[in-house]
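A.B. asks: build the 3D model from these lines:
(3 chains)
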Amino acid sequence: MESIFVPMPRGGKQGVLALDRYWYAACASSELKRNKVVARTVLGLPLALFRNAVGGVGAMLDRCPHRNVPLSAGRVVGDNLECAYHGWQFDRLGTCRRVPGHCGDHEHPSRDATSLPVIEQDGFVWVWPRPDEEPAGEPFRLRGQLPGYTTVHRSVLFPGTVHQAIENALDVPHTAFLHRGLFRGTGKTNRIKAVITRSDSMVQAEYIGEPRPEGLAARILAPGGGTVQHWDRFHMPCVAEVEYRLGDDSHFIVTSLMTPEQDFVTRAHAVVSFKLPLPGWLVRPLIFPIAMQVFKQDAVILGKQTEVVRQFGGERFVSTEIDLLGGQIWRLMRRGAKGRAGSEMEPDEDYRAEVDLQV
Amino acid sequence: MESIFVPMPRGGKQGVLALDRYWYAACASSELKRNKVVARTVLGLPLALFRNAVGGVGAMLDRCPHRNVPLSAGRVVGDNLECAYHGWQFDRLGTCRRVPGHCGDHEHPSRDATSLPVIEQDGFVWVWPRPDEEPAGEPFRLRGQLPGYTTVHRSVLFPGTVHQAIENALDVPHTAFLHRGLFRGTGKTNRIKAVITRSDSMVQAEYIGEPRPEGLAARILAPGGGTVQHWDRFHMPCVAEVEYRLGDDSHFIVTSLMTPEQDFVTRAHAVVSFKLPLPGWLVRPLIFPIAMQVFKQDAVILGKQTEVVRQFGGERFVSTEIDLLGGQIWRLMRRGAKGRAGSEMEPDEDYRAEVDLQV
Amino acid sequence: MESIFVPMPRGGKQGVLALDRYWYAACASSELKRNKVVARTVLGLPLALFRNAVGGVGAMLDRCPHRNVPLSAGRVVGDNLECAYHGWQFDRLGTCRRVPGHCGDHEHPSRDATSLPVIEQDGFVWVWPRPDEEPAGEPFRLRGQLPGYTTVHRSVLFPGTVHQAIENALDVPHTAFLHRGLFRGTGKTNRIKAVITRSDSMVQAEYIGEPRPEGLAARILAPGGGTVQHWDRFHMPCVAEVEYRLGDDSHFIVTSLMTPEQDFVTRAHAVVSFKLPLPGWLVRPLIFPIAMQVFKQDAVILGKQTEVVRQFGGERFVSTEIDLLGGQIWRLMRRGAKGRAGSEMEPDEDYRAEVDLQV
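C.D. replies: As a prediction, this is how the structure comes out:
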């Protein structure tokens, strides 16, 4: 039996892309209290996350090297995570620190648990899902957590791929149909323009000339009406960012960190930051039930979509011009899965497209 | 991404035959009311069936071409079926008629849903499970729906293959054992003769010399006794027909349309037509509970049979002479799955076999 | 269709060994009352076990040769097991004895059910899981069922491989940790010595110098203290034997017959035989709840271990010197799965190892 075994992150089934050389938000910092262990899955890898008595965070493959019991079934003892079966202990780098009953030296590389690179940043515990290599780059930095802003965090599971969840989060037309009345989709439609630009790790749609939508949430956020500024952005490989501005007083950013747990299970960590003329304590109870209803409608439709995608053996999407970002997101993800495709592609910075749509 | 994708009907696993060039009854006409959508599966193909506002019926692969959400999750709007995610609309031939938010021309072949050939006949909606080809021939025509006859329709799911369900429906010996007392299997046994004849799409067993059985249902149907005429017939690929006559006054036909939903899930649409000395309104409440008990006993035993067939990797049946039709059914189905085998086979019309059995 | 079909016992997935040329305890004799049928699975083979009216025991593949319905769904009629679908009957060697409705001779080899070699011994019904060959050797003989001894039998299902369950049953260190307080693991630890010896079908660990443990069960069994004699033994391919002696008055043997039902489902038949200064009727109600708690803790941890082993594609165990028997068990099982490896291996009888551990 080999002493160390490093599985590869899963993916690639039924056309699902495995983007395994990126940082992912495994859990919120607030979920991982002192002396607490949390079990999470990232790209099919079962992980035991723990915070020791002095606040340090460890991320390990959720398997004791001794008898393969999940480390997340154990408990934190001082600096270490202790396995529930024989009591072996590991520090947050995975080093074996104790073997009960053993008379000799406890430490030996073959006895170590497999730890993953881990960074705590912007309220999240980020992991690099390849235990065998040095991470490249840094986790995504969240915007909008500024003085005078209210920030709320919620986490939901979507029964679909990261690609499905990201496109859903950044798709405007479905908001007027699936979520009709909650944000858009009441009253008359307006013809507006969208401008798409991109870099090698991001794509953005800017919407120009949209009057304040007539839906319930929009009326609460901007009772005075006016014209909104609106940007939807995808940041590789897993961030959807939606930003609204109305004059100088109203600013609203929803950042969704999408973490692929399994091929068709995505955990969305949504961070909502806003500055509004109304005080935050007043806005939250008004906006929250609406936001949760939107999430629920999206989760139901993504679940149905996933069922069909699996039955038919993969996504087969047909798009029109008003599916502004879907193809762009897929293009960046596919490039990320393959490594950069090289010089024959159109430079990202020169790209600019304009599309008319009715909302 | 391709704009149109036509999956092949499933089958062929663990020896299950996929007879995909035949018409199948997807649902009863009465199940598909105006402005109604019904989700059904035929040969592993998920279908959305709908009847529009003017009564027309459409049968589509249950997948929106746009974002692959099941069309059966949508609703009927006028002539069209509307997808629940973005509101795309399709007429009953699958043509895309509306793309909300889109400013240009809505119609484009790549945006069409995939429709199947569909015929409404004899109270059923029949589909041809290959979207990519012209259907051959016509659906089976039901007999017995004549003036003076009472007709009842019921639908049940059997946990087994079409072959298992058909053989069960046409097998006489188990009626005296599994359903003992309900129809046969009480009192003394009688030695009777069965004559088997066949054509290239049908096989029939005619039973000669059977006195009216002593079971409860038989006593209700023919209280005066006498000798029954009895035929069991299999019509390719999915119809079991059981016919009884007792003199000129009593005539009883059970036609079971077996639709393969999955390899081991068969939907049986049973149509019972009868003319009896007793009035229909009197016969129904007496016969119905017995018929449902027979169906239930059969469904339980087929479920157990299926479990074994799957555990052991396929059907391994041993037969005796009194398994009159099982081998004949299998022979026709296998020939239908392969295409006609040709001249080396014994001509169907010359075939005739006589078997003695005790019932 | 072939008339006889003999499936191979399963195993070999994810590194699970299939030791299919050994006797296994399919059920306890007490579970198989007269005129009773019991369904059990051994090495993935579904079996129908039955005891006929005169006490004879039959073990058959759980599939009627006629239409593949499970024979365990039937009932015992006199000497025979009767199928529930058409009433075919088979004696305990599988010979077909009756075909209802059939006018000719019932007996024909193609109509026989497939029987397995079966021996009833020491209170268990043992089967040889290959219907197609002569068994070699005899079932394991249980020790300790002697005059003056109390014997108790219990059966539990473990969600893991036989290898996991055997190692767990014979592993000392986890008793001080997982079962802390119930047997060991209270008060100060003691340094003791273990001596490992082996034959070609067995390996034994003898523990020398252990004072009577301080846990609850140990105090009940030996209230006077003293030094215990303790042996743990693995007998190929599926028996774990734990034996304790304290002077001449106290003797305690737990024999666990582990039967592989599926790759990751093991049925443990535990037989506890003991002679103690306290009377059996007094010991049983004290010891029993503790023993069941130990079993439950083990079942929970084995279930978690199995989940990880399956997620990661097989067992990857790291051992230290105090994992006394795990590697030895694996070595014998692997040799049994491959057939004897031959002369290049160290002779079993010359092997002797001494290990210090703290308990």
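
A.B. asks: run a quick neighbour tally on residue A:279.
C.D. replies: Using other CB atoms under 10 Å in any protein chain shown, residue A:279 has 9 neighbouring residues. Just so you know, the C-beta spots here come from the backbone N, C-alpha and C atoms, and that holds for glycine as well.

A.B. asks: what of the one 4 residues further on?
C.D. replies: When neighbours are defined as other CB under 10 Å, residue A:283 has 19 of them.

A.B. asks: which helix or strand in chain A has the lowest average pLDDT?
C.D. replies: helix A:216-221 (a mean of 80; mean pLDDT, DSSP states H and E).

A.B. asks: next secondary structure after that helix?
C.D. replies: Next along the chain after helix A:216-221, taking DSSP states H and E as the criterion, comes strand A:227-235.

A.B. asks: near chain B, which residues of the stretch 101-250 of chain A?
C.D. replies: Contact residues, the stretch 101-250 of chain A versus chain B (CB under 8 Å from any CB of the partner chain): A:172, A:173, A:174, A:176, A:177, A:178, A:189, A:191.

A.B. asks: in the stretch 251-359 of chain A, which spans are helices?
C.D. replies: Along the stretch 251-359 of chain A, the stretches classed as helices by DSSP state H, counting those that start in this stretch are A:280-311, A:326-338.

A.B. asks: near chain C, which residues of chain A show up?
C.D. replies: Within chain A, the residues that sit near chain C (CB under 8 Å from any CB) are A:1-3, A:5, A:7, A:46, A:62-63, A:65-70, A:73, A:84-87, A:99-104, A:110-111.

A.B. asks: rewinding a little: so which of the helices of the stretch 251-359 of chain A comes closest to chain B?
C.D. replies: Nearest to chain B, of all the helices of the stretch 251-359 of chain A, is helix A:280-311, at 4.8 Å by CB to the nearest CB.

A.B. asks: coming back round to it: buried stuff in the least confident helix or strand of chain A?
C.D. replies: A:217, A:218, A:219, A:221 (16 or more other CB atoms under 10 Å in any protein chain shown).

A.B. asks: with stretch A:290-306 instead?
C.D. replies: Using 16+ other CB under 10 Å as the test for burial, stretch A:290-306 gives A:290, A:291, A:294, A:295, A:297, A:298, A:299, A:301, A:302, A:304, A:305, A:306.

A.B. asks: so the residue of the stretch 201-350 of chain A found nearest chain C bridges to which residues?
C.D. replies: Going by CB to the nearest CB, chain C is nearest to residue A:262 of the stretch 201-350 of chain A, at 11.0 Å. Beta-bridge pairing for residue A:262 (DSSP bridges): residue A:265.

A.B. asks: burial measure for it, as a count.
C.D. replies: With other CB under 10 Å as criterion, residue A:262 counts 16.

A.B. asks: what of residue A:277?
C.D. replies: 13.

A.B. asks: residue contacts, the closest residue to it other than its chain neighbours?
C.D. replies: Of all residues not flanking residue A:277 in the chain, residue A:249 sits nearest, at 4.9 Å (CB to CB, 6 or more residues apart in numbering or on different chains). Residues near residue A:249 by CB atoms under 8 Å, 6 or more residues apart in numbering or on different chains: A:275, A:276, A:277.

A.B. asks: circling back: so which of the residues of the stretch 101-250 of chain A next to chain B are in helices?
C.D. replies: A:173, A:174, A:176, A:177 (DSSP state H).

A.B. asks: for residue A:294, give me its contacts.
C.D. replies: Contacts of residue A:294 were listed using CB under 8 Å, 6+ apart, and they are A:179, A:182, A:183.

A.B. asks: what is the nearest of those to chain B?
C.D. replies: Looking across those and measuring by CB to the nearest CB, the closest to chain B is residue A:179, at 10.8 Å.

A.B. asks: my guess is the closest one meets residue A:300, correct?
C.D. replies: No - with contact defined as CB atoms under 8 Å, residue A:179 does not count as touching residue A:300 (11.6 Å).

A.B. asks: mind checking which of the helices of the stretch 251-359 of chain A is nearest residue B:331?
C.D. replies: Closest approach to residue B:331 among the helices of the stretch 251-359 of chain A (CB to CB): helix A:280-311, 32.4 Å.

A.B. asks: what pLDDT, on average, does that closest one get?
C.D. replies: For helix A:280-311, mean pLDDT rounds to 90.

A.B. asks: what of stretch A:62-74?
C.D. replies: On average, stretch A:62-74 scores 98.

A.B. asks: what's the end-to-end length of it?
C.D. replies: 10 Å (CA to CA, to the nearest Å).

A.B. asks: identify all contacting residues around it.
C.D. replies: A:3-4, A:37-39, A:46-48, A:60, A:81-86, A:88, A:90, A:96, A:99, A:110-114, C:301, C:304-305, C:307-309, C:312, C:315-319, C:323.

A.B. asks: what subset of those residues is buried?
C.D. replies: So, by 16+ other CB under 10 Å, the buried ones in the contacts of stretch A:62-74 are A:37-38, A:46-48, A:60, A:81-86, A:88, A:90, A:96, A:99, A:111-114, C:301, C:304-305, C:307-309, C:312, C:315-319, C:323.

A.B. asks: residues in contact with the residue nearest to residue A:263 when sequence neighbours are not counted?
C.D. replies: Spatial nearest neighbour of residue A:263, excluding adjacent residues (CB to CB, 6+ apart): residue A:16 at 4.3 Å. Counting by CB under 8 Å, 6+ apart, residue A:16 makes contact with A:161, A:163, A:263, A:264.

A.B. asks: hang on, the earlier thing: including pLDDT and distance to residue C:124, could the contacts of residue A:249 go into TSV?
C.D. replies: Formatted as TSV, the contacts of residue A:249 follow (pLDDT from 0 to 100; distance: CB to CB, whole Å):
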residue	pLDDT	distance to residue C:124
A:275	90	75
A:276	86	75
A:277	84	80
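
A.B. asks: nearest to chain B, of those residues?
C.D. replies: Looking across the contacts of residue A:249 and measuring by CB to the nearest CB, the closest to chain B is residue A:276, at 27.6 Å.

A.B. asks: ok, that closest one touching residue A:250?
C.D. replies: Yes - under the criterion of CB under 8 Å, residue A:276 makes contact with residue A:250 at 5.3 Å.
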